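Undergrad: How does the following fold in three dimensions:
(4 chains)
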2 protein chains.
Amino acid sequence: MQAAKPTIQQISNTTGYSVSTVSRVLNGYSRQYRISEKAQKLIKKKAEELNYKPNQMARGLRLKRTFTIGLVIPDFANPFFAIMAKHIEKAASLSDYSILLVDSDENAEKEKQQIKNMIARDIDGIIVAPVGTEKNHFNDIIKQKIPLLFIDRYFPDMDVPFLSSDNFRGAYDAIKLFIRNGHKKIAIIKGDNRIEPVKERLRGYINALKESGINVCEKFIAGNGFSPENGYHTTLELLELPEKPTAILAMSNLIGLGVLQALNEKNMSIPSDMSFIVFDDQPYVSYLNPPVTTVKQNSEMIGKMAFELLLKKISDPGHTPSSQLIPTAIIERRSISQQK
Amino acid sequence: MQAAKPTIQQISNTTGYSVSTVSRVLNGYSRQYRISEKAQKLIKKKAEELNYKPNQMARGLRLKRTFTIGLVIPDFANPFFAIMAKHIEKAASLSDYSILLVDSDENAEKEKQQIKNMIARDIDGIIVAPVGTEKNHFNDIIKQKIPLLFIDRYFPDMDVPFLSSDNFRGAYDAIKLFIRNGHKKIAIIKGDNRIEPVKERLRGYINALKESGINVCEKFIAGNGFSPENGYHTTLELLELPEKPTAILAMSNLIGLGVLQALNEKNMSIPSDMSFIVFDDQPYVSYLNPPVTTVKQNSEMIGKMAFELLLKKISDPGHTPSSQLIPTAIIERRSISQQK
DNA sequence: GTGAAAGCGCTAACAG
DNA sequence: CTGTTAGCGCTTTCAC
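TA: Numbers count the residues shown, from 1 in each chain, chains lettered A, B, ... in the order given. Predicted coordinates:
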């Protein structure tokens, strides 16, 4: 075995066959071009021997297809996104696709920059969970006719397919569960107002309340970011209210951590002093005190389907994948009290 | 703005300057070649106007430098790795590098396959947290002289630089803390025996015990995998022992989750019935009942340094980065009882 | 100051 | 059945 990367040229030289013949054999066109058995054997043997792998740069340049997709995620430290990424990668590698990864860090400018970079890298398609506050830069992708798919967050007024949890329903179900347990003073701690899943969850909250004839109290709709800090401060504020809520729905696992911290500090127990549901069924919630009821998002399915939809679009540009809302599930544990 | 991707050719055509001049200007060689102000202005303006970005495929093919590094991680769902990845990506994007991501899923065969793929993609370097049970395939990378760096896991007998936590010290400190609190019957639940950090942590465990004149009991060294399931079953076994341990050190956050589950099921409380320390200081551990003492690994620093070391090696192939052990820290919370 | 042309490694049209 | 050749978009040597 030698150091330099073997090229098709080398195989051509050492076997005596032309580069085209070598290329044909190696790409599985032997039948079609009726290459002789002898040539096939020899070329394959040599390729094996040299441990030949076609240079993907050259291939991509020529084919205008790179077998690479871009993946842009707002925060990798958030297990919700990490797990989604895991399953996208898994599906992709099964189809010989590679992933170019970007963590936009909830920063629209970085997102924009890196998307430009990905376009320059001739990716075949791109999956993005957008920061959600800006969308102009996506027009570049669309104009270049690069297949694009949004996950989790999306822009309903944009003609781009997306995959997201059924956020309306998730929140709706959670609030209904509170109500069934006798709660009427229910607060919700939100992520960034501008992003769609937040709007949808809020809609679910309001709908559930109204449907049950419960007044929607503005004071109980609070917070504005997907961070533990937001969860923490917002909870503290909620606890200062003259009429405190008896139940809180946190819009993400990160927010939930902050809620827990605030409650802890104030020596309030779940569920006796406060009932609690959180979005995202992370493994650790079963071991919290008490185990916390969650709205589980199927990030595994979102990830898997995301790649498959994108691939379909890549393989058949005529096809337009339709957006889908993936069902959520309430995982009941022991964080809700019975109110009389 | 137009749909097709602008090329250097187009700029050449529309400005009347040759492709070489355009290339020079756009690559910042105007001074060196003493390109006229007029030409510079015109070319830059046109490039801006067309929103030109050099095609990285073509560039990579020509330059033999792709500004891409490979990153291979055994499990993205493990926040320890996800956070490391986040910081690698962050450092990389600051230096205009992109990340090709693989989740090897703790599967040596996939790792091997995907590394071959990355080589074919002409990546400039590669960072891998190896599955840890096989290493032959890394010779391909070395033979091709592609800069390689291991993180977290590594092979001490291989001449490849690595960055890992000071695992020996982390475990040693944890055990010493147990001992200071009067514990003598201390169990450790391990990850896969074959990987280096596990060996090191075990060495720390044994050393701490011996140093304090405590007998090392084989029964207390248990488990063999980084999964919650292993944590769960091993804990159950430990609890069956005629002489039960009074303290457990779990070698990872995932194992720790399993320990928690087993303890819960057996109605054992921390720390009254069992003292507990876990590797990895995940955000949620503060909100467990009780908050759990951890061995914190500095995955942020590992990630950041990993990219920087690799980049140095890429930029100066003569340079060989030296391996480093990154200090761990004990974060004391309330999961350890005083034994009399 | 600028341009022509070679060539990175590959695929595919065209030519036998 | 196989080979020659053009060209993907770019950088860079050589030439003027």
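
Undergrad: Three-state assignment for residue A:238, please.
TA: Following DSSP: H, G, I helix; E, B strand; the rest coil, we place residue A:238 in the helix state.

Undergrad: For it, which non-adjacent residue is spatially closest?
TA: residue A:187 (5.2 Å; C-beta to C-beta, 6 or more residues apart in numbering or on different chains). All C-beta spots, glycine's among them, are computed from the backbone N, C-alpha and C.

Undergrad: Was I right to think that neighbour contacts residue A:220?
TA: Yes - shown here, residue A:187 and residue A:220 form a contact pair, counting by C-beta atoms under 8 Å, at 4.1 Å.

Undergrad: joint contacts of the two?
TA: Shared contacts of residue A:187 and residue A:220 (C-beta atoms under 8 Å, 6 or more residues apart in numbering or on different chains): A:238, A:245.

Undergrad: When the two are compared, which one has more neighbours?
TA: Neighbour count, other C-beta atoms under 10 Å in any protein chain shown: between residue A:187 and residue A:220, residue A:187 has more, with 26 against 22.

Undergrad: partner residues bridging that one?
TA: Beta bridges link residue A:187 to residue A:248 when assigned by DSSP bridges.

Undergrad: do residue A:126 as well
TA: According to DSSP bridges, beta-bridge pairing links residue A:126 with residue A:70, residue A:148.

Undergrad: ok, now which ones touch it?
TA: A:69-72, A:115, A:118, A:141, A:146-149, A:310.

Undergrad: Let's see that with 10 Å instead.
TA: Contact analysis of residue A:126 by C-beta atoms under 10 Å, 6 or more residues apart in numbering or on different chains lists A:68-72, A:100, A:102, A:115, A:118-119, A:138, A:141, A:146-150, A:310.

Undergrad: now residue A:300
TA: Residue A:300 neighbours (C-beta under 10 Å, 6+ apart): A:83-84, A:86-87, A:90, A:326, B:77.

Undergrad: is it true that residue A:59 touches residue A:67?
TA: Yes - when contacts are counted by C-beta atoms under 10 Å, residue A:59 is listed as touching residue A:67 (8.4 Å).

Undergrad: Quick check: neighbours shared by these two?
TA: residue B:121.

Undergrad: all strands for chain A, in order.
TA: A:68-73, A:98-103, A:125-128, A:148-151, A:162-165, A:186-189, A:221-222, A:247-250, A:275-279, A:293-296, A:324-326, A:329-331 (DSSP state E).

Undergrad: quick one: which of the contacts of residue A:300 is nearest residue B:49?
TA: Nearest to residue B:49 out of the contacts of residue A:300 is residue A:84 (C-beta to C-beta; 37.6 Å).

Undergrad: Burial check on that closest one, number of neighbours?
TA: 28.

Undergrad: Over to the one 10 residues further on?
TA: The local packing of residue A:94 (other C-beta under 10 Å) involves 11 other residues.

Undergrad: And residue A:15, how close does it get to DNA strand D?
TA: Residue A:15 sits 9 Å away from DNA strand D, going by C-beta to the nearest atom of the strand, to the nearest Å.

Undergrad: so that residue makes contact with residue A:26?
TA: No - in this structure, residue A:15 is not within contact of residue A:26 by C-beta under 10 Å, at 11.4 Å.

Undergrad: any common contacting residues for these two?
TA: Common neighbours of residue A:15 and residue A:26 (criterion: C-beta under 10 Å, 6+ apart): A:43-44, A:47.

Undergrad: among these, who's most crowded?
TA: residue A:43 (26 neighbours).

Undergrad: ok, back up a step: specify which member of the contacts of residue A:300 is nearest to residue A:239.
TA: residue A:83 (31.9 Å).

Undergrad: check contacts around the closest residue to residue A:208 other than its chain neighbours.
TA: Leaving aside its sequence neighbours, residue A:208 sits nearest to residue A:175 (C-beta to C-beta, 6+ apart; 3.7 Å). Taking C-beta under 10 Å, 6+ apart, we find residue A:175 in contact with A:183, A:186, A:188, A:201, A:204-209, A:211-212, A:214, A:247, A:249, A:277.

Undergrad: Against residue A:233, how distant is the residue of the stretch 101-250 of chain A found nearest DNA strand C?
TA: DNA strand C sits closest to residue A:122 of the stretch 101-250 of chain A, with a gap of 12.3 Å, by C-beta to the nearest atom of the strand. Separation of residue A:122 from residue A:233 (C-beta to C-beta, to the nearest Å): 44 Å.

Undergrad: Of the two, give the one with the bigger neighbour count.
TA: residue A:122 (21 against 17).

Undergrad: so that one makes contact with residue A:62?
TA: No - here residue A:122 lies out of contact with residue A:62, judged by C-beta under 10 Å, at a distance of 11.2 Å.

Undergrad: Give me the common contacts of those two.
TA: residue B:57.

Undergrad: Spell out which residues of the stretch 201-340 of chain A are next to chain B.
TA: Residues of the stretch 201-340 of chain A that fall close to chain B, judged by C-beta under 10 Å from any C-beta of the partner chain: A:228, A:253-254, A:256-261, A:263-264, A:282-292, A:299-300.

Undergrad: now do 6 Å
TA: A:257, A:260, A:283-284, A:287-289 (C-beta under 6 Å from any C-beta of the partner chain).

Undergrad: Among those residues, which are located in helices?
TA: A:257, A:260 (DSSP state H).

Undergrad: mind giving me CSV with the residues of the stretch 201-340 of chain A next to chain B and columns for distance to DNA strand D, neighbour count and pLDDT?
TA: Formatted as CSV, these follow (distance: C-beta to the nearest atom of the strand, whole Å; neighbours: other C-beta atoms under 10 Å in any protein chain shown; pLDDT from 0 to 100):
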residue, distance to DNA strand D, neighbour count, pLDDT
A:257, 46, 24, 94
A:260, 51, 27, 94
A:283, 46, 16, 90
A:284, 48, 24, 92
A:287, 53, 23, 83
A:288, 53, 23, 85
A:289, 58, 16, 77
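
Undergrad: residue contacts, the residue nearest to residue A:238?
TA: Counting by C-beta atoms under 6 Å, 6 or more residues apart in numbering or on different chains, residue A:187 makes contact with A:220, A:238, A:245, A:248.

Undergrad: and if we set it to 8 Å?
TA: Residue A:187 touches A:220-222, A:238, A:245, A:247-249, counting by C-beta under 8 Å, 6+ apart.

Undergrad: Give the ChimeraX command for selecting the buried subset of the residues you listed.
TA: Per 16 or more other C-beta atoms under 10 Å in any protein chain shown, the buried members of these correspond to this ChimeraX selection:
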select /A:220,222,238,245,247,248,249
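
Undergrad: wait, which of the contacts of residue A:187 is closest to chain B?
TA: residue A:248 (14.4 Å; C-beta to the nearest C-beta).

Undergrad: Let's see the pLDDT reported for that closest one.
TA: Looking at residue A:248, its pLDDT is 98.

Undergrad: Touching, it and residue A:274? I think so.
TA: Yes - taking contacts as C-beta under 8 Å, residue A:248 lies within contact range of residue A:274: 6.3 Å.

Undergrad: give the contact list for residue A:292.
TA: Residue A:292 neighbours (C-beta under 8 Å, 6+ apart): A:256, A:270, A:276-278, A:285, A:333-335.

Undergrad: which among those gets closest to residue A:33?
TA: residue A:285 (59.1 Å).
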